[in-house]
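Participant: structure, please.
(one chain, ligands or ions: 2)
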Amino acid sequence: MIVMLEPDCADSVVEGVLQHAQRIPGITARKHVVKGVTHTVTEIYLLGPTQSIELSEFEELPGVRRVVRVSVKFRRIGRHAGQTETLGFQYNDVTFDENSLHIFAGLCAVDSPAHVDATMRALHANGLLTTRMGAYKPRTSPYDFQGLGAKCLPWVFELAGKHGIKVISMEVTDPRHIDEIDQAVRSSGHATGVMLQIGTRNAQNFELLKQVGQQAQFPVLFKRGMGITLEESLNACEYIASEGNPKILFCLRGVKTHLGDPHRNLVDFAHVPVVRRLTRLLVCVDPSHAVGRADLSPDGLLDIFHVVGQGLIAGASAVLIDFHPDPANALCDGPQALRLEQLPHFLRYARRVRDAYREARAEAMGQRESRAAV
Ligand code: PEP
Ligand code: MN
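Facilitator: Ligands and ions are numbered 1, 2, ... in the order given. The predicted structure is shown next:
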């Protein structure tokens with residue numbers, strides 16, 4: 001059962017509800033605070049035998065907006081009756097919400113300081129605050145480049161600070177990596193911030209998910225599992241939130257089947273609105289690992305552009321995309337990386353589609369309101 005309180009309510013209101021809940025035998029109450037851009041919404045989760053509790057018992061308490069019985073899955077991330085807010089968040093002065101568009105453009109795998117410097121310089125010149133930089137690479141073959149690991153973190157973070165990059169999406173494959181990143185961020189004097197990326201291969205690594213959920217410092221970019229259902233991926237993502245960290249971007253990146261050929265994966269961006277309906281999470285799309293190749297279609301746009309368009313027009317508010325100063329010599333996933341010279345065109349394209357989505361949304365919401373008014 002979820003007791004939703006009025007936005008920005010006083011601590012005494014929260015205390016009142018918690019105390020009331022504590023008097024009910026067998027019930028545990030957990031406070032969950034969603035800090036939005038303009039409001040903070042507090043919800044109290046009641047766990048245990050809630051069937052015998054009347055909704056009115058909590059509805060009548062001061063400061064309670066609504067009480068919802070949650071028998072369904074996705075308790076924390078789910079969009080339950082009456083929940084209109086999206087789980088946006090702020091991190092390192094960057095706002096992630098319904099109205100923002102963030103492009104995490106960067107290297108699949110960090111290889112050299114010169115490439116990181118050139119990439120971040122280009123991002124900064126194009127007004128971006130976010131990037132992707134893989135230090136710990138989960139590779140299919142043990143003989144492939146495994147990433148530079150912790151030793152590259154000091155110069156990656158220093159260069160990010162130099163170029164004003166605020167958030168780096170960086171995959172972690174082991175809880176140790178969280179500590180290494182934490183230490184390196186501190187040693188850099190908080191030159192930048194990190195969003196912990198859970199890769200598709202670790203989508204059901206429940207111990208790792210619990211660890212990223214138990215820390216509050218870094219937000220998380222969770223990628224759907226490539227060979228499991230959407231529901232299983234959402235359940236896995238719920239692990240992160242249920243451990244206490246609701247700062248999550250849910251990322252679609254295609255699913256594994258040869259039916260997607262010649263693309264690397266079958267693009268699943270039709271699931272953007274599904275994820276947004278079932279959950280309150282912001283959705284990111286990764287066209288690079290979905291498509292896997294930088295092929296051009298006859299209209300002059302890359303397949304990668306087209307699927308970004310599909311994701312953005314469907315309501316995604318973030319894109320994770322591979323760029324490289326020299327794709328032919330990249331140590332990982334070069335064939336799908338765009339060249340830095342393509343960045344301005346790409347951004348114009350992405351912003352144009354996002355604007356089209358916003359217009360479509362405004363029209364639809366307006367219509368919904370006027371229908372409700374009739
Ligand atoms: C990546 O983004 O670097 C990556 C390995 O992607 P995925 O987990 O989606 O395969
Ligand atoms: Mn990759």
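Participant: when you work out contacts or count neighbours from here on, use the C-alpha atoms and nothing else.
Facilitator: Fine.
Participant: now the helices for the stretch 101-250 of the chain?
Facilitator: 113-125, 153-162, 175-187, 206-214, 230-242 (DSSP state H, counting those that start in this stretch).
Participant: now the fourth one: how far from the chain's centre is it?
Facilitator: Which is helix 206-214. Chain-centre distance of helix 206-214: 15 Å, with Cα atoms, centre = their mean, to the nearest Å.
Participant: export that helix to PDB, keeping only CA atoms.
Facilitator: The C-alpha trace of helix 206-214 is given here as PDB (Å, rounded to 0.1, in the frame of the first residue of the first chain):
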ATOM      1  CA  PHE A 206      20.900  -9.100  -8.600                       C
ATOM      2  CA  GLU A 207      23.800  -8.700  -6.200                       C
ATOM      3  CA  LEU A 208      25.200  -5.900  -8.400                       C
ATOM      4  CA  LEU A 209      21.800  -4.300  -8.700                       C
ATOM      5  CA  LYS A 210      21.400  -4.300  -4.900                       C
ATOM      6  CA  GLN A 211      24.800  -2.700  -4.500                       C
ATOM      7  CA  VAL A 212      24.000   0.200  -6.900                       C
ATOM      8  CA  GLY A 213      20.600   0.500  -5.200                       C
ATOM      9  CA  GLN A 214      22.100   0.800  -1.700                       C
END
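Participant: check which helices and strands that helix sits against.
Facilitator: Applying 3 or more Cα pairs under 8 Å, 6 or more residues apart in numbering; DSSP states H and E, we find helix 206-214 packed against helix 175-187, helix 230-242.
Participant: could you identify which of those helices is most buried?
Facilitator: helix 230-242 (a mean of 21; mean count of other Cα atoms under 10 Å).
Participant: distance between it and the chain's centre?
Facilitator: 12 Å.
Participant: and what of stretch 324-331?
Facilitator: Distance, centroid of stretch 324-331 to centroid of chain: 26 Å (Cα atoms, centre = their mean).
Participant: that stretch near ligand 1 at all?
Facilitator: No: using Cα under 6 Å from any ligand atom, stretch 324-331 stays clear of ligand 1, coming no nearer than 11.9 Å.
Participant: what's the local residue count around residue 133?
Facilitator: Per other Cα atoms under 10 Å, the neighbour tally for residue 133 reads 22.
Participant: enumerate every residue touching it.
Facilitator: Counting by Cα atoms under 8 Å, 6 or more residues apart in numbering, residue 133 touches 106, 107, 108, 109, 110, 168, 169, 170.
Participant: out of these, name the ones that lie in strands.
Facilitator: The strands, defined by DSSP state E, take in 106, 168, 169, 170 from those.
Participant: now these in CSV, with neighbour count?
Facilitator: Shown next, in CSV, are these (neighbours: other Cα atoms under 10 Å):
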residue, neighbour count
106, 29
168, 24
169, 23
170, 25
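Participant: quick check: the farthest pair among these?
Facilitator: 106 and 170 (10.5 Å; Cα to Cα).
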